[in-house]
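Novice: structure of the sequence below:
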Amino acid sequence: MHTPRQRADTSYRFLYTASSRGRLDCTSGELTSLLDYHGVMPAFLDFCFEFKNREKAATTSKFRLEDFFAGATQQQQQPTFLRQSAKAVRMQHAFNVMAPELGPADEDGNRSWMIRHTTVYHSFDITNGRCIWIIIKSNDLIRDRVTSSEEPLDHNMTREQKLAAQFASTLANHLLLLEWCTENWASYIDLLEQKATRHAAAIKLAPVEAMSRKPPKKATIPGPAPEPKSLGFAGKIRSNISRVTSGFNTHRRQPTNRVQNNDPTSPPHDKLPLVEDDEDENLDEHFRFDDLQSIRKVTDEAEEARMVISENQRILTAIHKRYSNLARLKDRGVFTEFDQGHFESVLSDFCQQLSILQGDLDSLDARLQLLLKGLVRNEEMVRSRSPL
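Specialist: Below you'll find the model as predicted:
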């Protein structure tokens, strides 16, 4: 648990985990004290319970909200930190978003992409501008972004201007957090596309007849030891995958290692009986099986990425709707103490930026849809060329 230096009107609490597949790096007592002190809504525990030892990180998101409107009697029942006025109007919500990040380097220095979570709780008191942030992340990336963006308020502001500026600061933090869930996806999808191209290159460019059936070969005859046998069809494909840009030669290559027949009693070379090339057949069957596995693995990764992006899109939509509806609260006497011009301006800008982020996610999803269509075609091609 980490508490950085902060403005008097803002409270940050950062909780850590080793990964999104592990437990929170704090005791249950510490977590209970933190949530009780800040009067955090009980629904936030649903997010905390997601952090537990598991083989694979969860790929679902949640959004919870609980706005609090209280009179003086109810106000005295709140924690000391929140007893600020005879009338409290408190907004609070929680959400989590996901994005790919490079994990730590292994023994060979290689780093792989992993789906990571950022979980956020936010509370804002409209009567005095106090806000609370509780952020759960496995590294300092979000903490550094949020705390470095904090700017001191101008002491010459009127109360209305100060409240509007404090509210604008919370919106800016939301954008910093939500922008993270749109990052790294382009690089991650590039990697998936490279995998799909590498595994499918030989299948796409290989002759159909050569992949679907094996030509017979001629029997050997007594004579001098033959030269080393050339690679079978599958071996040739493997050795040429790195040169797929020039394509495969679809003309059958003439053998260069014919055995010299010096026995006049033996049949002519072109009259030898035909036998099946079992070794090459096994290689090709193994080749097709490896391709199916590779295509299926990339397909699973792309489908998981689509699901995560869809969950992020759902969270952005929920937050967009929540803040778009805030203007209606003015009819209930909420936000009346704000500088109305500034309040409406920053709220409009925030919703516009959310729409841009939603458009970015739509573009990423379109790329994944196109990739998945290509993977389906590749898998059908492999299956159609398999004798099984």
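Novice: excluding its backbone neighbours, what's nearest Ser61?
Specialist: In this structure, Ser61 finds its nearest non-sequential neighbour in Glu311, 4.0 Å apart by Cβ to Cβ, 6 or more residues apart in numbering. Every residue, glycine included, has its C-beta placed from N, CA and C.
Novice: the one you found touches Ala58, doesn't it?
Specialist: No - with contact defined as Cβ atoms under 8 Å, Glu311 does not reach Ala58; the gap is 9.8 Å.
Novice: what's the overlap in contacts for those two?
Specialist: Between them, Glu311 and Ala58 share no contacting residue under Cβ atoms under 8 Å, 6 or more residues apart in numbering.
Novice: show me what contacts Tyr188?
Specialist: Here Tyr188 is in contact with Pro100, Trp113, Ala305 (Cβ under 8 Å, 6+ apart).
Novice: A helix includes it, no?
Specialist: Yes - according to DSSP: H, G, I helix; E, B strand; the rest coil, Tyr188 belongs to a helix.
Novice: per-residue pLDDT, it?
Specialist: According to the prediction, Tyr188 has pLDDT 96.
Novice: returning to what we had before: in PyMOL, select just the buried ones from the contacts of Tyr188.
Specialist: To isolate the buried ones among the contacts of Tyr188 in PyMOL, judged by 16 or more other Cβ atoms under 10 Å, type:
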select buried, resi 100+113+305
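Novice: what sits closest to Ala196 if chain neighbours are left out?
Specialist: That would be Val298: by Cβ to Cβ, 6+ apart, it lies 5.1 Å from Ala196.
Novice: what's the spacing between that neighbour and Met98?
Specialist: 19 Å (Cβ to Cβ, to the nearest Å).
Novice: same check on Pro152?
Specialist: 33 Å.
Novice: and the two? Which one has more around it.
Specialist: Met98 (24 against 7; other Cβ atoms under 10 Å).
Novice: surely that one is within a strand?
Specialist: Yes - counting by three-state DSSP, Met98 falls inside a strand.
Novice: contacts only, for it.
Specialist: Residues in contact with Met98, defined by Cβ under 8 Å, 6+ apart, are Thr59, Ser61, Ile115, Arg116, His117, Thr118, Cys181, Val308, Glu311, Asn312.
Novice: torsion angles phi and psi at the closest residue to it other than its chain neighbours?
Specialist: Spatial nearest neighbour of Met98, chain neighbours left out: Val308 (4.8 Å); criterion: Cβ to Cβ, 6+ apart. Phi and psi for Val308, reported as degrees, to the nearest 10, are phi -60, psi -40.
Novice: tell me if I'm right that Val308 and Thr59 touch.
Specialist: Yes - with contact defined as Cβ under 8 Å, Val308 reaches Thr59; the gap is 5.5 Å.
Novice: state the pLDDT value of Ile135.
Specialist: For Ile135, the predicted pLDDT is 95.
Novice: shouldn't it be in contact with Tyr12?
Specialist: Yes - assessed by Cβ under 8 Å, Ile135 is found in contact with Tyr12 at 7.3 Å.
Novice: now do the helices in the stretch 251-388 of the chain.
Specialist: 278-324, 340-385 (DSSP state H, counting those that start in this stretch).
Novice: domains of this structure?
Specialist: 1-154, 182-214+232-241+277-388 (automatic domain parsing).
Novice: can you add distance to Leu176 and give those back as TSV?
Specialist: As requested, these are exported to TSV (distance: least, Cβ to Cβ, whole Å):
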stretch	distance to Leu176
domain 1-154	5
domain 182-214+232-241+277-388	11
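Novice: and these: which comes nearest Thr170?
Specialist: With Cβ to Cβ as the measure, domain 1-154 is the member of the domains of the chain nearest Thr170 (5.3 Å).
Novice: look at the residue nearest to Ser61 and say how many residues are nearby.
Specialist: 19.
Novice: just Thr32 next, same as before
Specialist: 12.
Novice: equivalent analysis for Ser61, please.
Specialist: Around Ser61 there are 22 residues (other Cβ under 10 Å).
Novice: that one: what's it in contact with?
Specialist: Counting by Cβ under 8 Å, 6+ apart, Ser61 makes contact with Phe95, Asn96, Val97, Met98, Glu311, Asn312, Arg314, Ile315.
Novice: one more time with 6 Å
Specialist: If a contact means Cβ atoms under 6 Å, 6 or more residues apart in numbering, then Ser61 has Asn96, Glu311, Ile315 as its contacts.
Novice: check for me that Pro104 belongs to a helix.
Specialist: No - secondary structure of Pro104, determined by three-state DSSP: coil, with no helix assignment.
Novice: with adjacent residues omitted, what lies nearest to it?
Specialist: In space, Pro104 is closest to Arg111, 7.0 Å off (Cβ to Cβ, 6+ apart).
Novice: what about the one you found, distance to Lys297?
Specialist: Taken as Cβ to Cβ, the span from Arg111 to Lys297 is 19 Å.
Novice: quick one, strands of the protein?
Specialist: 10-16, 63-65, 68-70, 88-102, 113-125, 131-137, 217-218, 274-275 (DSSP state E).
Novice: okay, now the unreliable bits of the stretch 101-250 of the chain?
Specialist: Within the stretch 101-250 of the chain, the ranges that satisfy pLDDT under 70 run 199-250.
Novice: please redo it, this time with the cut-off set to 90
Specialist: 102-112, 114, 126-129, 137-141, 146-166, 195-250 (pLDDT under 90).
Novice: what count of nearby residues applies to the residue lying closest to Leu24 once chain neighbours are set aside?
Specialist: With Cβ to Cβ, 6+ apart as the criterion, Leu24 has its nearest non-adjacent residue at 5.0 Å, and that residue is Phe51. If you count neighbours by other Cβ under 10 Å, Phe51 ends up with 23.
Novice: give me every residue that touches Phe51.
Specialist: Counting by Cβ under 6 Å, 6+ apart, Phe51 touches Thr17, Arg23, Leu24.
Novice: what's the burial count for the first one?
Specialist: Right, Thr17. For Thr17, the neighbour count with other Cβ under 10 Å is 21.
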